[in-house]
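Visitor: need a structure here:
(one chain, ligands or ions: 1)
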Amino acid sequence: MHTDIDRIVHKVGEYLLSNIGRSLHEATDEEVYRALAHTLRDEIMVNYLATERTFEKHDARRLYYLSMEYLPGRFLLNNLNNIAQLDVVKGALQKMNRKLDSIILQENDPGIGSGGLGRLASCLMDSLATLHYPAMGYGLRYQYGTFEQQIVAGRQIEAPDCWLMHENPWEIRQELERATVKYHGHTKVIKSFQGDPVETLHDHEEVWAMPYDIPIVGYDPSSKFTCLPLRLWSTKESPRNFQLQRYNAGKIDQAAENMIISDVLYPNELNETGKRIRLKQEFLLVSASLQDIIRRYLLSHDTFNDFSDKVRIQINDTHPALLIAELIRCLTKDHNTPWKRALEITQNVTSYTNHTVMKEALEEWDNGLMKQLLPRQFRVIEQLNHEFLENVRSRYPGDHDLVRDVSIIEHGHVHMANLSIVGSHKVNGVSNLHTEILKNSAFKDFYKLFPDKFVNITNGVTHRLWLLHTNPLLAEFVTKRIGNGWITDFRQIEKLAAFSKDPESQADFWAIRKKNKERFIRGIKQFCKNTLFIESDALFDVQIKRIHEYKRQLMNALHILMLYFDLSENPGSRIKRSCIFAGKTAAGYETAKNIIRLIFAIGKKISLDPNIRHLLQVSYVENYNVSKAQLIIPAADISEQISTAGTEASGTSVMKFAMNGALTVGTHDGANVEISEAVTDAWWPFRFGLRTEEIATKPFTHIDNPKIRRALDSLRDGSLASNEEEHFAFCGLYNTLLHDSYYVLHDLQSFYEVQLKVEELFKNPMLWATYAIHNMASMGSFSTDVCIKNYSDLIWNLTPCPIDNTILEKLRQG
Ligand code: 26Q
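Guide: Numbering: from 1, shown residues only. Predicted coordinates:
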């Protein structure tokens, strides 16, 4: 039974009274938010339990998704939408004299991920739940998410992201299911029953991992929605993790180290302490989750005979790759399995998704550190590597280069990608182009050894969050024309193409865009100190993502300078444009931080120029997160997807923008390639830049284009810098362009030209709408629903398992 308005009002009042000790009239919006979330949770938990019971009843094969990062966005509205309770809650809030909009804003946006990889994990969970797949996510409950980004005088300042300041109504602490994780210690070799050498551990440290479960609600207005657990481990709340003896001995920081393991989400580049804690974190996720997976399996099985039939584990990049060593170890040491069989089981259940081709971004760990922290797992890796290399040598005698390249341990480091490939039965890239690069370049030796291991699964996004909930006006536009079947079968979006030339649809399209732009302008003012004059009739040109040299925000910035000089010479030469940036970068990534500074400085320069500022604006939206994306994306006309060809594994914001009616300015990179193929050349007007295969052959270009020269010179002539330090920073950026590893200068010319085409089309709004509608209509295969089906077909082989009616009814009756 669904709650009705009065019941919600009553339950909210009851919650406030018994948990906070306040009446509805006295409660703050934050308190009302929490009470409302709890009320909704009551409803959700029935399905949560029914889902679990159903999976148990069918002894279904289950997928466990292990990821160090998730980026779910705020839960309240997403959950209300997914279970079709938004209207009822609106009614209840009206009775309580509260505004939905301000209640929603009370929820902190969980920043427990840094970018695309974390957001992908959350999109996949949404689709798994919606499609009723038996699955569960595991991650870490970081006390502090990715830092909160403040932009002060153009500089990124990192402040802690305290997202757990208030009690989090979406999580349930599961005391009884905590796990013990062991670090350090000395090992003794003994013989297993099977005669294999296995190791016992002595004088080790034990850390308690406490699980917090968040229900992930699938879309299903029928009230039979599937609800999957996202289990996040924390070391924070366990008093056992505080080592009093060390404290008493005056070693105060050491005493608390194990309480803080799950404290912060680490960025890519780490100092020595950072490295140790990050490795501890990765093993915490692996060990605690694996204990949990095995415990669940053993609830209904006596032997491990069915383990490789019932369990699938996906590792999201190499961050949870220690799982491979730990599973082999558990099977051989604790569960009486011969080594060979343990390896076979491990490979059968495990698969690995790679998200990067850049060699410098591949994860490796110092042998010494791993040996010290995880002596037993290191031993397993050594043995695994030994046997694997023996095998390679016998297949390719004398090929020493091959042996060196595929070795898991090399040059004093454990290569986590190599471990992941050897220990998995499937390895996937996240776009066609990316998978081809993995096969032919990054992992070409492994591809030679195991051609069948490599598969492509192109990323997607959940179109329910990113279109249905994020852009209700455009969703309504779609439903009005093609019915609502697209919500659960996004391939139906192709029917929209029939409306691309319909004048009424084109006019509606623009009316919606205008409203979304106004919503954006209203919503963003508080986050964007340098926004002065954004007007809703300007071309909204948006680049929002992590700041990284390969993503080429610097090229975009140089282009804005070119626009500025064009306008300075002839104000009528270009159309009105509002450039919007958002994104964080790692605290220690100096070049990227200077790019932020440059963008800010360009914005400032333009906003101080009375002749130009009504024609061109640059805004930097602070502290980019999922909620900001939800505000920005529906307002965008142009989505900038301009990475150097061959560097962006996939890119997923490109899909969100296209679904929301923006057109893509894009290089031949990542998922852009497949999206452009789906849209077809006829409706994909803004491709530019070198292609992957051209990159390797292009030498550095001499700049003879005076417009580019002028933009470039302004980086070092002092005209943008407010002080010496800034001048030095911008000169530094200029110098990076002398090597130009990312072909910024090379592609700038064609970027400039394609932007002229953008403006030509923008002057013809009805034709623009035709393109945009075609673009939307071609997005059918870029939903994570499709992506999940591909994972299931090519890797997991899962069977959907919708909630059993009798189980649900029984639970509902109490
Ligand atoms: C590694 C070691 C130590 C600490 C941190 C890390 C680390 C953390 C996060 C390394 C990489 C990441 C994140 C990578 C990421 O977000 N990759 C993006 O994944 C998306 C989903 O597949 C793709 O669309 C993007 O192209 C890719 O950049």
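Visitor: wait, what's in contact with the residue of the chain found nearest the ligand?
Guide: Here the residue of the chain nearest the ligand is Gly116; by C-beta to the nearest ligand atom that distance is 2.9 Å. All C-beta spots, glycine's among them, are computed from the backbone N, C-alpha and C. Listed by C-beta atoms under 8 Å, 6 or more residues apart in numbering, the contact partners of Gly116 are His355, Lys545, Arg546, Ser650, Gly651, Thr652, Ser653.
Visitor: helices or strands up against the helix or strand bottoming out on mean pLDDT in the chain?
Guide: The helix or strand of the chain with the poorest confidence is helix 244-248; it has a mean of 71 (mean pLDDT, DSSP states H and E). Secondary-structure packing of helix 244-248 (3 or more C-beta pairs under 8 Å, 6 or more residues apart in numbering; DSSP states H and E): helix 252-256.
Visitor: mind listing residues that contact the helix it packs on?
Guide: Helix 252-256 has contacts (C-beta under 8 Å, 6+ apart) with Phe242, Gln243, Leu244, Gln245, Arg246, Tyr247.
Visitor: what's the following helix or strand after it?
Guide: Scanning forward in sequence from helix 252-256 by DSSP states H and E, the next helix or strand is helix 272-299.
Visitor: quick one: average pLDDT of that next one?
Guide: Mean per-residue pLDDT for helix 272-299: 95.
Visitor: report the buried members of the contacts of helix 252-256.
Guide: Gln243, Arg246 (16 or more other C-beta atoms under 10 Å).
Visitor: for the contacts of helix 252-256, name the two members farthest from one another.
Guide: Largest separation among those by C-beta to C-beta: Phe242 and Gln245, giving 10.2 Å.
Visitor: who's in contact with the closest residue to Phe242 other than its chain neighbours?
Guide: Spatial nearest neighbour of Phe242, chain neighbours left out: Met259 (5.6 Å); criterion: C-beta to C-beta, 6 or more residues apart in numbering. The contact partners of Met259, by C-beta under 8 Å, 6+ apart, come to Thr235, Lys236, Ser238, Asn241, Phe242.
Visitor: swap the cut-off to 10 Å and go again
Guide: Contact partners of Met259, counting by C-beta atoms under 10 Å, 6 or more residues apart in numbering, are 143, 207-208, 234-243.
Visitor: what's the answer for Val198, then?
Guide: Taking C-beta under 10 Å, 6+ apart as the definition, contacts of Val198 comprise 187-192, 329, 332-334, 339, 376, 379-380.
Visitor: now with 7 Å, please.
Guide: Ile190, Ser192, Thr332, Lys333 (C-beta atoms under 7 Å, 6 or more residues apart in numbering).
Visitor: again, but for Lys707
Guide: Lys707 sits next to Met562, Phe565 when contact means C-beta under 7 Å, 6+ apart.
Visitor: in what helix or strand does it lie?
Guide: Taking DSSP H and E as the criterion, Lys707 maps to helix 706-713.
Visitor: again with Lys605
Guide: Assigned by DSSP H and E, Lys605 belongs to helix 590-607.
Visitor: what residues does the stretch 251-400 of the chain have near the ligand?
Guide: Tyr266, Asn268, Arg278, His355, Thr356, Glu363 (C-beta under 6 Å from any ligand atom).
Visitor: change it to 8 Å
Guide: Contact residues (C-beta under 8 Å from any ligand atom) of the stretch 251-400 of the chain with the ligand: 266-270, 278, 317-319, 353, 355-356, 361, 363.
Visitor: the stretch 51-200 of the chain now?
Guide: Counting by C-beta under 8 Å from any ligand atom, the stretch 51-200 of the chain sits next to the ligand at Met68, Glu69, Gly113, Ser114, Gly115, Gly116, Leu117, Gly118, Arg119, Leu120.
Visitor: is it true that the third one lies in a strand?
Guide: In other words, Gly113. No: applying DSSP: H, G, I helix; E, B strand; the rest coil, one finds Gly113 to be coil, outside a strand.
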